[in-house]
Structure formats: C-alpha cells, structure tokens
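Trainee: Need coordinates for the following:
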Amino acid sequence: MKPPIELKPNTVHIWAINFVVNEETFNSYFSLLSDDEKVRALRFKFYKDKRCYVVTKGVLRLLSASYLKMNAKDIIFEYEKYGKPKFKAQTNLNFNVSHSGDMAIIGFVYNYTIGVDVEKIKNDFDTSEIAANFFSQKEIEALQHIPKNEQYIAFYRCWTRKEAFVKAKGSGLSFPLDKFSVTLDKDLESELVETQWNPSEKYQWQLSSFKPSLDYIAATIVNSKFYDLQYYDWNHLQLNFI
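Mentor: Purely as a prediction, here's the structure:
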C-alpha cells in the first residue's frame, strides 16, 4: 500500500501535532500503544501529561506505520544509551520527537541523522541568566546585541537550535552545550557556526528553524547539506492515516 504522503530520498518530513483532542480520539491513540506504553501512560498523575504522551506515541505509530508499510501496533521502539528512540526493525528510516505545551513535532528522514526541538514561547524568566549557564560565549555575546524587547524570541531560536543538535547527536545531558554555537538573530536564517571539538563538523549539518504555531518555535537539524524540508499539519491530515 502506498503511504498517504510519500517520503522521498533527500527529503525531511516535519509533522506538527496538537494534543487537544476529544475522548474518542484519545482512546483511539491509546489503543495503538504497546502494553508497556499503556502502563507508562496510566502512571501519569496529570491528564495533560498523559494526553501528551498518548497522542505523541499514537501519532508516531501511525506515521511510522505509513512510511514502513507496517501495522501501527506491530512497531517496536528501542532506545540508545542516552534515551534517543529508534526503530528496532532494520530500516534506514530515522525519526526524532519533541513536545512542549500542547504541541509535538516529529521529524522523519531516510539515511541521515535527525534532531528536532519545539518550545512554547514564554517571557517570565531571565534570558541572560539561563544563557550564561547553557550558551556558548559567541551566543551570549550575540544575545546581548539583540534589542531587549526581542531577546526572548532570540533566546528561543538559540535554545531550540541547540536542543535539536544535541538530540541529533544522541548524547543526552552529557553533551557540552557551550562547545558549539548557532545563530539566533533571525527566524528563517539558521546556521551551525561553531563545533569546537572538530572545526569542520559544522559543515556537515543543515539547521532550519520554523514556527509551527503562533506561540511556538521549533528547529530541526540533519547531517546532510542537501535536502528538501516539507511541513505537515497532522490535525488536518490525520483521517488519511486512520
């Protein structure tokens, strides 16, 4: 069966998913989960956290099933040393997932490593204090040169781009956040500008930023310089996959 949306070589698919669903839809996603995933879902104390987990896992299974031409319930995930998920089956399809607020982002690509991150934009914290602990010196200086009223969005540009790269590398919290740098001054122009451990590695990755919704910002990175990036809204297309 041909998938509803075909993922071609050298193409990245980014899916935006909204968690706000009715009870029937929630239950349909829950029914797709493995036994251990259902157990984990039931352990969440708050419904919002349970909904986030169930919807994300359910949609991930439906999309993966379409690309892999499998039954959604038959897909088995496994996890690398620092928790990065992947398919247990032998496949050259790779994916990455991120969620924040009421939204998740899932990215798919063949043959390459991918990382994604999404954040709901807030303005109730000190950007300079967090930047001092997690940003590189180049990024801190760049943030300081941004007008004060624009620093929150610049902060999130930097944060999502860095998180996407860390997730792509799959090294978890052990990865040194101050040893690489990204741009943060523009929404659509993003770049990995420094990798201190290997000055040439920055040329191996393509970094992109986007806004999946008004109050959110996201980023994706792939270890290929030549690919086509395509965006999809799950909530508009889900009936094609169910």
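Trainee: burial of residue 61, as a residue count?
Mentor: Counted by other C-beta atoms under 10 Å, the residues lying close to residue 61 total 23. Bear in mind the C-beta positions are built from the backbone N, C-alpha and C, glycine included.
Trainee: Next, the buried residues of the longest helix anywhere in the chain.
Mentor: Ranked by residue count, the top helix of the chain under DSSP state H comes out as helix 47-68. Going by neighbour count (16 or more other C-beta atoms under 10 Å), the buried part of helix 47-68 is 50-68.
Trainee: same deal with stretch 233-242?
Mentor: Neighbour counts over stretch 233-242 (16+ other C-beta under 10 Å) mark 234-235, 238, 241 as buried.
Trainee: and it, C-alpha only, in PDB?
Mentor: The C-alpha coordinates for stretch 233-242 follow below in PDB (Å, rounded to 0.1, in the frame of the first residue of the first chain):
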ATOM      1  CA  ASP A 233      -0.200  19.600  10.000                       C
ATOM      2  CA  TRP A 234      -1.300  16.200  11.500                       C
ATOM      3  CA  ASN A 235      -4.600  17.600  12.700                       C
ATOM      4  CA  HIS A 236      -5.600  18.400   9.100                       C
ATOM      5  CA  LEU A 237      -4.400  15.200   7.600                       C
ATOM      6  CA  GLN A 238      -5.000  12.500  10.200                       C
ATOM      7  CA  LEU A 239      -8.100  11.000   8.700                       C
ATOM      8  CA  ASN A 240      -5.900   9.800   5.800                       C
ATOM      9  CA  PHE A 241      -3.900   7.600   8.200                       C
ATOM     10  CA  ILE A 242      -6.600   6.100  10.400                       C
END
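Trainee: pLDDT value on the residue nearest to residue 203 when sequence neighbours are not counted, please?
Mentor: In space, and not counting its chain neighbours, residue 203 is closest to residue 225: 7.4 Å by C-beta to C-beta, 6 or more residues apart in numbering. With respect to pLDDT, residue 225 has a value of 81.
Trainee: For residue 225, pull up the helix or strand it's in.
Mentor: According to DSSP states H and E, residue 225 maps onto no helix or strand at all.
Trainee: same for the lowest-mean-pLDDT helix or strand in the chain, what does it pack against?
Mentor: The least trusted helix or strand in the chain, going by mean pLDDT, DSSP states H and E, turns out to be helix 234-237, with a mean of 87. Here helix 234-237 touches strand 11-18, going by 3 or more C-beta pairs under 8 Å, 6 or more residues apart in numbering; DSSP states H and E.
Trainee: and the next element down the chain from the strand it packs on?
Mentor: Remark: after strand 11-18, the chain's next helix or strand is helix 23-30, criterion DSSP H and E.
Trainee: Send me that next one as CSV with only the CA atoms.
Mentor: Provided in CSV are the C-alpha atoms of helix 23-30 (Å, rounded to 0.1, in the frame of the first residue of the first chain):
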residue,chain,number,x,y,z
GLU,A,23,-12.1,11.5,24.3
GLU,A,24,-12.8,9.3,21.3
THR,A,25,-9.6,10.3,19.6
PHE,A,26,-7.6,9.9,22.8
ASN,A,27,-8.9,6.4,23.2
SER,A,28,-8.1,5.5,19.6
TYR,A,29,-4.4,6.6,20.1
PHE,A,30,-4.3,4.7,23.4
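Trainee: about what we covered before: mind listing residues that contact the least confident helix or strand of the chain?
Mentor: By C-beta atoms under 8 Å, 6 or more residues apart in numbering, the residues outside helix 234-237 that reach it are 4-5, 15-18, 59, 63.
Trainee: domain ranges for this protein?
Mentor: Domains of the chain are assigned by automatic domain parsing as 11-117+227-240, 119-222.
Trainee: State the distance from the residue nearest to residue 61 when sequence neighbours are not counted to residue 234.
Mentor: Leaving aside its sequence neighbours, residue 61 sits nearest to residue 72 (C-beta to C-beta, 6+ apart; 4.1 Å). As judged by C-beta to C-beta, to the nearest Å, residue 72 and residue 234 stand 14 Å apart.
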